[in-house]
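Asks: Following is a predicted model, sequence given first.
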Amino acid sequence: MRGIISHGAYLPHRRLDRSTIAAVAGTGGGKGTRTVASYDEDTTTLGVEAARRALRATATVPGALWFSTVVPAYVDKTNATAIHAALRLPGDVIAADFGGAIRSGVAALRAALAGGPAALVVTADIRTGLPGSADEAAGGDAAAALLVGDDADGPVVAELLGSGTATDEFLDRWRTPGDVRSKQWEEKFGEMSYLPLGVEAFNAALDAAGIDAAAIDHLVVAGPHARAAKAVVRKLGVAPDKVVDDLSATVGNPGAAQAGLLLSSALERATPGQVVVLLSLADGADALVFRTTDAIAQLVPSVSVADQAAAGAPLPYGKFLAWRGLLTPEPPRRPEPARPSASAAGRAEDWKFGFVGSKDRSSGAIHLPPARVSMTGGAIDDMEPIPMADVPGRVVTYTIDKLVYSPSPPVVFAVVDFDGGGRAPIELTDVDPADVKIGTAVEMTFRRFFTSDGIHNYFWKARPVAGAPTDTAETEA
Amino acid sequence: MASHGIKDRVAIVGMGCTPFKEHWDKGVDDLALDASNEAFASVGIDKDDVDAYWLGTAQSGMSGITLARALQLQNKPVTRVENYCATGSEALRQAAYAVASGAYDVAMAVGVEKVKDSGYQGLNAFPIPSDGTTRTLTAAGSFSMVAPAYAEKYGVEMDQLKRTLARIASKNHHNGARNPRAQFRKEFSVDQLCAMPRVAGDLSVFDCAGVADGSAAAIVVRAEDALQYTDKPIYLKALSFVAGNGSGLVDPGYDYTWFPEIAACAADAYAQAGITDPAGRIAMAEVHDCFTPTELVLMEDLGFSERGMGWKDIESGRFDLDGELPVNPDGGLKSFGHPVGASGLRMMFEAYLQLRGEAPEDRTISSITPERNLALTHNLGGYPGEMVSFVSIMGPTLD
């Protein structure tokens, strides 16, 4: 039996209210919100967060990591290796990118389902359009991770029953590398092209699985052509109430991550023995038919898609434009940071990418960053690695720094003490300055601090835990 | 093993100090030359009479050549030193030890910093290649975390503490207004300062040291030779230095209400000088008021005030120009700005003037008596949790 062992999704904290767009752009916008990746996030960091969630729910260690996005942080250099490092996966686990097209996300999933070692399929996307465009309002930023394997790798929660595909060369949506926007041919041409391909792949998958459309409990339809994705459902013989919410009202369409995100959303509400079908319309069509197993009842996502979609905080449209590089506010008059050193970063890989400190075996003192000489007791080279990325912490003291260089000032900075020991001075993110307090509960998140000479400087920040109460006991002590 | 110090073995016999300001018309060479010439003239010697030089500059030049070229020194040993914002003090410390060892008869420490050529406000450190994980915070942001921690630990209302911090700035501006070498010579009331917009935590720009170019210099000789050069030598009683191990950044035991490096450095300095009652022997102090919360905490770390009581002593006027223990009678970093390599020597220059009775009349302190005639200078570099500290003690008489 091969199928999905675990899954996780990540939605960025910020939401753009579409109704705020037209006042600035003169056109565009609409109802509802879309998710917006923070200025310190890119598709790699989004992917890390989704992957952490998928792996947190399982004991299975993947043997391969496939990362797919339309907006890679690097070309030439693999992005999946940074995700691999942040997840602290063993060195004999391959990590590689599937890039360039929206279909690549589903293709990576299909490749994983075809066999081989347990594979973590991570998809992430950041969608941008020109101000006032339909893509700007309808797009969304998100990441999803699906851990695929055999039941020998770990309990399969959704078994693949069959798949179908249809490929065709036609021009509906395209982008030249480096452009912030996609372009689209007249919508009706794409719709007319997609519908028969979708039906063909869907029927082929159902035939392979040996089930009828009426047996489907959850139908996920993904794809960049919104009209085609809606229209195809009417041709499949699936009741409208079986179609999984596409989250367009709150998240938007996160491109290469949409299929994974919606599949994760469907799986977190599916009960044992249900049929879940994914139909993706992207430069052809792909259909995957799954049946959930009893094990799905035991798989509890650490943070559900539904909870994330309901959470978040508003982002002014001007900040959105600035974060996307479409508006250039005056920067702080401070020197821009220097590029990080490749060799220094290489020596510090576990710390920089994995947030792994060291713990003195004799005194128990935790050192962040890891050290060879203990700050107490004087022991030398007698420490063990201590991964801290998943350890919760609390704000001891903090400040708002309006003077320091930041891609999006001001910097909110805190001294954080970790549960069970360890302290680090850490930048906070996904926080409004007025909301941080002494005692605020925080969790670590992988971020891109800045880019210098084309080098992305990745490291960890802390962010308030959604819904966690502030511990006021400490402030009263 | 012990920190013996060199009490009463070395004396400062001459000093110089340029005005501290935005010297758009002077480079590092000009500033070093001006301070050096003033120091030579104060003793009546010239550059060839000095046997060895120590140049303190954090980032205005590298190697001793920076000074040798500016002064056109011929075949002299010149050493450039750097120790964060305590760089100027470090230069004096090295020069004093060289004389005490007998290696040289006359040594000179020159501190200089040309800050205003960077094109940016504030101090900006040279980037050292790193893994990119070092923290992203200005010094102002870092020191701003002291204020709320102090307020909470000692139960001081934040509004009260802000007024106390403003009082520190107001005092230093009052003193600086009476100093022609100071960068800022305007007085500010507590109410004016409290109304300034915040830039880092609860700190406004007026809680921060200014940024200026400047240079200061000191000539040292062995104590027994001092009267050959001046009839008013200032004898060094203690020179203490502590470089922190940075553990305060990552040790959950550190609470941001004190600077352990400074407490250790002060204890060592008092031991070197044989002082058991600091406030009873020290008549004035020049301290590193890089930010107003720093000066507050220093009053306690240096042993002038009990823990948690520094703010009350500040409010009582004890550290005012006419107070029992004047602190920063020259105006401090607040009025002078902070040319990193020069500041430590600028502090000593004020001690030198006051102890010799040469400060201008309107800022002459009245706390110096024959029994209580020592001055302390304190210079730090770095951040809460990770700093270097220097403390010197000096006086006009031999014990």
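Replies: Structure's in. What do you need?
Asks: Nearest residue to residue B:391 in space, please, no chain neighbours.
Replies: residue B:269 (3.9 Å; Cβ to Cβ, 6 or more residues apart in numbering or on different chains). For every residue, glycine as well, the C-beta is placed using N, CA and C.
Asks: In three-state terms, label the one you found for me.
Replies: helix (DSSP: H, G, I helix; E, B strand; the rest coil).
Asks: That one touches residue B:238, doesn't it?
Replies: Yes - the criterion here is Cβ atoms under 8 Å, and residue B:269 meets it with residue B:238 at 4.1 Å.
Asks: In terms of neighbours, single out the busier of these two.
Replies: More crowded of residue B:269 and residue B:238, by other Cβ atoms under 10 Å in any protein chain shown: residue B:269, with 28 against 24.
Asks: what about the residue in chain B sticking out farthest from the centre, which helix or strand?
Replies: Centroid-distance maximum for chain B: residue B:131 at 32.2 Å, with Cα atoms, centre = their mean. Here residue B:131 sits in a region with no helix or strand, counting by DSSP states H and E.
Asks: Ok, residue A:246 next?
Replies: Using DSSP H and E, residue A:246 falls outside every helix and strand.
Asks: if I pick the residue nearest to residue B:391, what's in contact with it?
Replies: B:238, B:239, B:240, B:376, B:391, B:392, B:393 (Cβ atoms under 8 Å, 6 or more residues apart in numbering or on different chains).
Asks: Quick one: residues contacting the residue nearest to the spatial centre of chain A.
Replies: Taking Cα atoms, centre = their mean, the centroid of chain A lies closest to residue A:143, which sits 2.4 Å from it. Applying Cβ under 8 Å, 6+ apart to residue A:143 gives the contacts A:9-10, A:43, A:46-47, A:49-51, A:122-125, A:254, A:257, A:260-261.
Asks: and for residue B:269 and residue B:238, which residues touch both?
Replies: In contact with both residue B:269 and residue B:238: B:391, B:392, B:393, using Cβ under 8 Å, 6+ apart.
Asks: Pretty sure the first one sits against residue B:302.
Replies: Translated: residue B:391. Yes - applying Cβ under 8 Å, one finds residue B:391 in contact with residue B:302, separated by 7.4 Å.
Asks: Compare the two and say which is more crowded by neighbours.
Replies: Neighbour totals were compared for residue B:391 and residue B:302, and residue B:391 leads with 30 against 26 (other Cβ under 10 Å).
Asks: The more buried one is in what secondary structure piece?
Replies: strand B:386-395.
Asks: Which elements pack onto that strand?
Replies: Counting contacts by 3 or more Cβ pairs under 8 Å, 6 or more residues apart in numbering or on different chains; DSSP states H and E, strand B:386-395 packs against helix B:87-100, strand B:234-243, helix B:260-273, helix B:340-355, strand B:374-383.
Asks: I'd like to check the angle between the longest one and strand B:374-383, please.
Replies: Helix B:340-355 and strand B:374-383 are oriented at 160 degrees to each other (axes from the mean of the first three to the mean of the last three Cα atoms, to 10 degrees).
Asks: Helix, strand, or coil at residue A:193?
Replies: Quick answer, by three-state DSSP: residue A:193 is helix.
Asks: excluding its backbone neighbours, what's nearest it?
Replies: Nearest one to residue A:193, counting by Cβ to Cβ, 6+ apart, is residue A:170 at 4.8 Å.
Asks: likewise residue A:420?
Replies: With Cβ to Cβ, 6+ apart, the residue lying closest to residue A:420 is residue A:391, at 6.6 Å.
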